[in-house]
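In: this one's structure only:
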């Protein structure tokens, strides 16, 4: 049996969700689920490449020049035939192999009316069949499938496949985080580089413009941009908020932003507006690599407060790469120092949802 | 003999530079130079990967956790040992094979005091040994070597190798533009997709924050950001300048921005501040794929003016992807329409240099 009480009916699961601890899944169970998830990620990646190939060859739609998508919230929030087909493929495979597991997929979820947070303690697959949909429609390589498996509300397995770049990221709690199954993450391990002494200077800063493009005074777009500019501007500029980061990067995929943070390539990722399927696999990968995730909006006492855990469905995230110790601090202390330096420079964003 | 008057002394070349036309290089000469350039790009890419591997394995410097670089203009304008070594490798190979050709490499040039534009009509190699140096130091995959060969001041061969992503871009005038030597660019060819009717909406917009981070009222940073926000904001917003682009992307490599524009993945690239070695190979690739490059700063009569050619050393560039015809316009007309829509939304940037 893969999961200790897999044979229990769903209702029993639901009523006992608070008691469903990691211990209920044996190490061997987890290994089996991991192997299944990795193969699923490879297969789904192949489907994405197949769809891309058909777009290139002109066999995908009657008019290959047209991008075949439907708008969701607005003209930059889109879903393609490929999103839906790949989600159906993954959902089907999971249902057959693990019929008792819960499943939350972006497209099924988004098609519903509720925006409630649905992840609970039960074994749950959290899936984005195609993260970076805009990139995919334009055939820009930064798209991927993102598959996470969570228990007790925490992602413990993460599989991210970006097939156009031949980059497969995988992780399982206790088994490390990997690029293409052979390269451990973060890339540099002996030792893991410390954070720059004057972070965010010297750091790569990953951020996204996102889908909320409304022109409102002090709206999300304006607050994001103000935060980006603070991070980018020279030290001493912006009333002391200038961060002079090494570089500002926007890829259009929250999932890959997190994967590159786990790799150690991005030092800081700060984002508001995405959802649990965008980040769940990335969180698993990043945690296993030694990174840290907290909340994007600065707490009132941001200079001294205990660093809160990010809520998986909180839509507001700040992630820091794995860091080694410096001369006068542990890696964790350096991550926390960096978090406070980011909070000093960013604005509150307004993203909420029911159930969180 | 590869180039008709290759045996002439350099001084003769210099005095007759205006007479040095494309016709002096035969088709077979060009094919040989192209084959040499492609192999050089592969070899240089291998050197970049080797250096990366040494960083990962901890064999590159005495302290693998430290990033081994020197600052140029400021803390985000850097050069690494790898930049210098790869440039020396390329320069050496070119000098041996084509001793009469001119050579302009980023690191040799930058080490000098002059910022004069040096490309003339003679056969000239224009090389950036490592574009995306900040990315390379952080091991973010968006770095590459960029090798261009120009005659009459125009790049006719472009080789861009991004080895961490296994992406090799190659082009030669009259021989097409290619990804990994087998996939013609743009990716979608039958037919090449038209530009969106309401461009820049529906377009991916590629731009970079760059190195000028000074906090000055109406300085380059502020003008860039104002332009980015105009492009991103909803239609009707920003006093009518809102462009509601499909996505805003920043990779930290002008060369790869251009490669992805040639691929058709980025519809629009707008940038100020980079140099001829950042763009020469990309220009060759983009032109061969059917894209268009003009100037970044909007001319006074931007709605009606003839679209000017970009100056290779002008430091201010606006590139549009290859476009197929729409119902009521040619591809070229659609590109020009898009250029005017971008000019409507962007500010003048202040980058100048002697000799341009």
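Out: Ah, there it is. This one's a predicted model, so the numbers in the text were calculated from it and none came from an experiment. Numbering: from 1, shown residues only, chains lettered A, B, ... in the order given.
In: Tell me the spacing between residue A:50 and residue A:158.
Out: Separation of residue A:50 from residue A:158 (C-beta to C-beta, to the nearest Å): 23 Å. (Glycine included, C-beta is placed from N, CA and C.)
In: what are the ranges of the helices in the stretch 251-356 of chain A?
Out: All helices of the stretch 251-356 of chain A, identified by DSSP state H, counting those that start in this stretch, fall at A:254-263, A:276-289, A:331-343.
In: Just tell me which of these ends up closest to chain B.
Out: helix A:254-263 (6.0 Å; C-beta to the nearest C-beta).
In: which strands and helices sit next to that closest one?
Out: On a contact count with 3 or more C-beta pairs under 8 Å, 6 or more residues apart in numbering or on different chains; DSSP states H and E, helix A:254-263 meets strand A:124-131, strand A:144-151, strand A:154-162, strand A:167-172, strand A:204-206, strand A:268-272, helix A:276-289, strand A:316-320.
In: again, only using 7 Å
Out: For helix A:254-263, the packing partners by 3 or more C-beta pairs under 7 Å, 6 or more residues apart in numbering or on different chains; DSSP states H and E come out as strand A:124-131, strand A:144-151, strand A:154-162, strand A:204-206, strand A:268-272, helix A:276-289.
In: now the third one and helix A:254-263, what's the angle there?
Out: Orientation check (axes from the mean of the first three to the mean of the last three C-alpha atoms, to 10 degrees): strand A:154-162 against helix A:254-263 gives 100 degrees.
In: Can you list the strands that strand A:154-162 pairs with?
Out: Its sheet considered, strand A:154-162 pairs with strand A:144-151 (antiparallel), strand A:167-172 (antiparallel) by DSSP bridges.
In: Name the surrounding residues that touch the last one.
Out: Identification of contacts with strand A:167-172 by C-beta atoms under 7 Å, 6 or more residues apart in numbering or on different chains yields A:30, A:34, A:38, A:41-42, A:156-161, A:177-181, A:259, A:284-285, A:288.
In: Whichever helix or strand comes after that strand vs chain B: in contact?
Out: Going down the chain from strand A:167-172, the next helix or strand is strand A:177-179, by DSSP states H and E. No: if you take C-beta under 7 Å from any C-beta of the partner chain as the test, strand A:177-179 misses chain B, and the best it gets is 10.2 Å.
In: and strand A:177-179, what does it pack onto?
Out: The elements that strand A:177-179 packs onto, with contact taken as 3+ C-beta pairs under 7 Å, 6+ apart, are strand A:167-172, helix A:276-289.
In: between those, which one is nearest to residue B:82?
Out: strand A:167-172 (21.6 Å; C-beta to C-beta).
In: if we can go back for a sec, point out the most buried one among the helices and strands packed on strand A:177-179.
Out: When the helices and strands packed on strand A:177-179 are scored by mean count of other C-beta atoms under 10 Å in any protein chain shown, the highest mean neighbour count falls to helix A:276-289 (a mean of 28).
In: which residues are in contact with that helix?
Out: A:104-106, A:119, A:126-128, A:131, A:146-148, A:150, A:155-160, A:169, A:171, A:173, A:176-177, A:185-186, A:254-255, A:258-259, A:261-262, A:293, A:312-313, A:317, A:319, A:322.
In: Taking the stretch 1-150 of chain A, what residue is nearest to chain B?
Out: For the stretch 1-150 of chain A, the residue closest to chain B is residue A:140, as judged by C-beta to the nearest C-beta, at 3.7 Å.
In: So what's the residue count around the nearest residue to that residue once chain neighbours are set aside?
Out: In space, residue A:140 comes closest to residue B:265 once its chain neighbours are excluded; the distance is 3.7 Å by C-beta to C-beta, 6 or more residues apart in numbering or on different chains. Neighbourhood size, residue B:265 [other C-beta atoms under 10 Å in any protein chain shown]: 24.
In: doesn't residue A:138 make contact with residue B:265?
Out: Yes: Residue B:265 is within contact range of residue A:138, at 5.0 Å (criterion: C-beta atoms under 7 Å).
In: Common neighbours of the two, please.
Out: Jointly contacting residue B:265 and residue A:138 under the rule C-beta under 7 Å, 6+ apart are residue B:204.
In: How far does stretch A:32-47 sit from its chain's centre?
Out: Centre-to-centre, stretch A:32-47 and its host chain are 17 Å apart (C-alpha atoms, centre = their mean, to the nearest Å).
In: Quick one: mean pLDDT for it?
Out: In this model, stretch A:32-47 has a mean pLDDT of 98.
In: Show me where the stretch 1-150 of chain A has its strands.
Out: For the stretch 1-150 of chain A, the strands defined by DSSP state E, counting those that start in this stretch cover A:69-71, A:78-80, A:102-105, A:124-131, A:144-151.
In: Can you give the domain ranges for chain A?
Out: A:10-184, A:204-343 (automatic domain parsing).
In: still on that earlier bit, can I get the helices and strands packed on helix A:254-263 in TSV with mean pLDDT?
Out: TSV is the format used below for these (pLDDT from 0 to 100):
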stretch	mean pLDDT
strand A:124-131	97
strand A:144-151	98
strand A:154-162	98
strand A:204-206	98
strand A:268-272	98
helix A:276-289	98
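In: re earlier: residue A:230: which of the helices and strands packed on strand A:177-179 is closest?
Out: helix A:276-289 (23.4 Å).
In: Could you check the angle that closest one makes with strand A:124-131?
Out: Using the same axes, to 10 degrees: helix A:276-289 against strand A:124-131 is 110 degrees.
In: starting at the chain centroid, how far to helix A:276-289?
Out: 5 Å.
In: tell me the angle that helix makes with strand A:316-320.
Out: Using the same axes, to 10 degrees: helix A:276-289 against strand A:316-320 is 20 degrees.
In: Next up, the contacts around the closest residue to residue A:226 other than its chain neighbours.
Out: In space, and not counting its chain neighbours, residue A:226 is closest to residue A:347: 5.6 Å by C-beta to C-beta, 6+ apart. Counting by C-beta under 7 Å, 6+ apart, residue A:347 makes contact with A:223, A:226, A:227.
In: Try it again at 8 Å.
Out: Contacts for residue A:347 (C-beta atoms under 8 Å, 6 or more residues apart in numbering or on different chains) come out as A:223, A:224, A:226, A:227.
In: which phi and psi does it have?
Out: Main-chain torsions, residue A:347, degrees, to the nearest 10: phi -90, psi 160.
In: Just give the number of residues close to residue A:156.
Out: 24.
In: how close does it get to chain B?
Out: Distance of residue A:156 to chain B, given as C-beta to the nearest C-beta, to the nearest Å: 26 Å.
In: residues contacting residue A:239?
Out: Contact analysis of residue A:239 by C-beta under 8 Å, 6+ apart lists nothing.
In: check contacts around the residue of the stretch 251-356 of chain A found nearest chain B.
Out: Nearest residue of the stretch 251-356 of chain A to chain B: residue A:265, at 3.7 Å (C-beta to the nearest C-beta). Contacts for residue A:265 (C-beta under 8 Å, 6+ apart) come out as A:187, A:204, A:321, B:135, B:138, B:139, B:140, B:141.
In: what's the answer for residue A:185, then?
Out: Shown in contact with residue A:185 (C-beta under 8 Å, 6+ apart): A:169, A:171, A:176-179, A:262-264, A:285, A:288-289, A:322.
In: do residue A:242 as well
Out: Residue A:242 sits next to A:230, A:233, A:234, A:235, A:236, B:213, B:215 when contact means C-beta under 8 Å, 6+ apart.
In: pretty sure the third one contacts residue B:216?
Out: No: if you go by C-beta atoms under 8 Å, residue A:234 and residue B:216 don't touch, sitting 9.6 Å apart.
In: any common contacting residues for these two?
Out: Joint contacts of residue A:234 and residue B:216 (C-beta under 8 Å, 6+ apart) do not exist.
In: which one of these two has more residues nearby?
Out: Set residue A:234 next to residue B:216 and count neighbours by other C-beta under 10 Å: residue A:234 wins out with 19 against 12.
In: So the more buried one versus residue A:244, what's the distance?
Out: In this view, residue A:234 and residue A:244 are 5 Å apart by C-beta to C-beta.
In: Same question for residue A:42.
Out: When residue A:42 is compared with residue A:244 (using C-beta to C-beta), they lie 41 Å apart.
In: So the two - more neighbours on which side?
Out: A count of neighbours by other C-beta under 10 Å puts residue A:244 above the other of residue A:42 and residue A:244, at 20 against 16.
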